[in-house]
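Visitor: no sequence on hand, only this structure:
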């Protein structure tokens, strides 16, 4: 270990990220006896108008759960139920992978009320992060 070096890499390449995730996945899969829990996927769902993206969702599926990474809707389309349509489509995808839960986080200045209206429940909060706001962790159980 005397030759061990650490390197900080800002904005790591896609190939480095894929390598690190694949190594973690390989380790995790070696501990799971259920092949269904070993299935993983990254998904995106986008909404376009005239070829231009006006909203989108990113998620990672693993251990039969969906982790929402990002949900964005252009300001012009907000409060028109587009976000709810994204969540419905995400649930459809999650069910295809036999997911039992969808979870993610949002900040107080973003959309905690939106997720609560969609049936999500808060399971944790980091207070005063970022300063002056809270970070809400939410989940929704799925009937699979």
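Guide: Perfect, thanks for sending it. What you are looking at is a predicted structure, and each value in this text was computed from that prediction instead of being measured.
Visitor: show me the contacts for residue 106.
Guide: By C-beta atoms under 8 Å, 6 or more residues apart in numbering, the contact set of residue 106 is 112, 114-115, 135-136, 138. For the C-beta atoms, the positions are set from N, CA and C on the backbone; glycine is no exception.
Visitor: now the two most distant members of these.
Guide: Within the contacts of residue 106, two members stand farthest from each other by C-beta to C-beta: 114 and 135, at 15.0 Å.
Visitor: right, and the helix or strand after the longest helix seen in the chain?
Guide: Longest helix in the chain by number of residues (criterion: DSSP state H): helix 14-31. Following helix 14-31 in sequence order, the next helix or strand is strand 41-49 (DSSP states H and E).
Visitor: how far does that following strand sit from the chain's center?
Guide: Relative to its parent chain, strand 41-49 has a centroid offset of 12 Å by C-alpha atoms, centre = their mean, to the nearest Å.
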